[in-house]
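Colleague: Here you go, sequence then predicted model.
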Amino acid sequence: MKLIQVKNVSKEYRTGEITVKALRGVSFEIERASFVSFVGPSGSGKTTILNLIGCLDKPTEGELKVSGTDVAGLSRKESAAFRGKHIGFIFQDFNLMPVLTVYENIEYPLLMVQSLPSTERKDRVEKLLEEVGMADQKNKYPDQISGGQKQRVAVARALVTNPELVLADEPTANLDSETAYAVINLMKKMKDGFGTTFVFSTHDQKIVGEAEIVYFLADGKLVDEKVKGGKNGQPV
C-alpha cells in the first residue's frame, strides 16, 4: 500500500465573494521511504499540498489517504492525534522554542503527543542528538547556535516520534549553500536509517537535484513528473 494516495483533489479558498482555486484536480501517489519534492512558482499550490497531507487543512473535493487513513474525513481532534502519531514537520524558519534548550526542543513533541516513560524519552532524544551531530550542543538555547544547527535540531524534533512521514516546507530557504547541502544529506541519511518518507515543497535546486521524484506544479495543477535515474514522466 502506498503511504500517500491523492486522487482528484481540489482546494478552494473563499474570501467574501472571491474564490481562489489553490489546487485543481491533483492526483499522485507516494511510496514509503521515499524522498519527494514539489516544485513550482509562488502560488502554484506547493504549500497547500503539504497542508492537506499534514492534516492541517481539508480538500474541497477529492480523496486523500495517508497510511491507509482517509484523512479528509477526520475531525479536528482526530487530525491532531493522527499528526502526532504519523507525521513530523520541518519549517524554513526552524520554529524552535527560544525558552527551551536543544534537548528540550527535541523532547517537546514526546511530551505533547505520546505518553512515554522518562527513560524512553531520554533514550530517543539522546540517540537523535547523536545522529544529527548535536549531542555536544544539547544544553544550549536556539539563539546560541547557527542556522544550520537549528535546522539539525528541527530534523531531530521531526523524527523523535518515529513518524512514517516528514513534511518540509522550504527547509533550506534560510541556509547558505554549504549548510543546505549538509542538511539535505542529513535528511537522506535519516530516510535510509529510519525508513521515513520525506516530502518537500521547495524552490531550492539543491533539494530538487537530490529528490528521487519531483512533481512540478503550475496554477494548482501537476504539470510534470521526473523520476531520478529515469526519463521524464508524462504530464499528469
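Modeller: That came in fine, so what should we check first? Numbers count the residues shown, from 1 in each chain.

Colleague: who touches the spatially most central residue of the chain in this structure?
Modeller: Geometric centre of the chain, nearest residue: Leu167, 0.8 Å, by CA atoms, centre = their mean. Listed by CB atoms under 8 Å, 6 or more residues apart in numbering, the contact partners of Leu167 are 50, 53-54, 87-90, 199-200. All C-beta atoms are positioned from the backbone trio N, CA, C, and that covers glycine.

Colleague: From Tyr13, how far off is it?
Modeller: Leu167 is 20 Å from Tyr13, where distance means CB to CB, to the nearest Å.

Colleague: repeat for Gly220
Modeller: From Gly220 to Tyr13 the distance is 11 Å (CB to CB).

Colleague: If you count surrounding residues, which of the two has more?
Modeller: Gly220 (21 against 12; other CB atoms under 10 Å).

Colleague: Tell me where the chain has strands.
Modeller: 4-15, 18-30, 35-39, 61-66, 69-70, 87-91, 165-169, 197-202, 213-218, 221-227 (DSSP state E).

Colleague: Glu15: how many residues sit nearby?
Modeller: One correction, residue 15 is Thr, not Glu. 7.

Colleague: Same check on Lys85?
Modeller: With other CB under 10 Å as criterion, Lys85 counts 14.

Colleague: try Ser118
Modeller: Other residues near Ser118 come to 10 when the count uses other CB under 10 Å.

Colleague: likewise Ser37?
Modeller: There are 23 residues near Ser37, going by other CB under 10 Å.

Colleague: ok, it touching Phe200?
Modeller: Yes - between Ser37 and Phe200 a contact is recorded at 4.6 Å, counting by CB atoms under 8 Å.

Colleague: Find the residues that touch each one of the two.
Modeller: Shared contacts of Ser37 and Phe200, defined by CB under 8 Å, 6+ apart, are found at 207, 211.

Colleague: packing partners for the helix ranked longest in the chain?
Modeller: Counting by DSSP state H, the longest helix found in the chain is helix 177-194. For helix 177-194, the elements it packs on are strand 35-39, helix 118-131, helix 147-159, strand 197-202, helix 205-210, judged by 3 or more CB pairs under 8 Å, 6 or more residues apart in numbering; DSSP states H and E.

Colleague: Need the residues that contact it.
Modeller: Helix 177-194 is contacted by residues 33-35, 131-133, 146-148, 151-152, 155, 159, 162, 166, 168, 171-172, 175, 196-198, 204, 206-207, 210 when judged by CB under 8 Å, 6+ apart.

Colleague: and it, how far out from the chain's middle?
Modeller: Distance of helix 177-194 from the chain centroid (CA atoms, centre = their mean, to the nearest Å) equals 13 Å.

Colleague: try stretch 152-165
Modeller: The mean C-alpha position of stretch 152-165 is separated from the chain mean by 10 Å, CA atoms, centre = their mean.

Colleague: CA atoms only for it - export them in CSV, please.
Modeller: The C-alpha coordinates for stretch 152-165 follow below in CSV (Å, rounded to 0.1, in the frame of the first residue of the first chain):
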residue,chain,number,x,y,z
ARG,A,152,19.5,19.9,12.5
VAL,A,153,17.6,20.2,15.8
ALA,A,154,14.4,20.7,13.7
VAL,A,155,15.1,17.5,11.8
ALA,A,156,15.7,15.6,15.1
ARG,A,157,12.5,17.1,16.6
ALA,A,158,10.5,15.9,13.5
LEU,A,159,11.8,12.4,13.8
VAL,A,160,11.6,11.9,17.6
THR,A,161,8.0,10.5,17.5
ASN,A,162,9.1,7.9,14.9
PRO,A,163,6.8,9.2,12.2
GLU,A,164,6.2,7.5,8.9
LEU,A,165,6.2,10.8,7.1
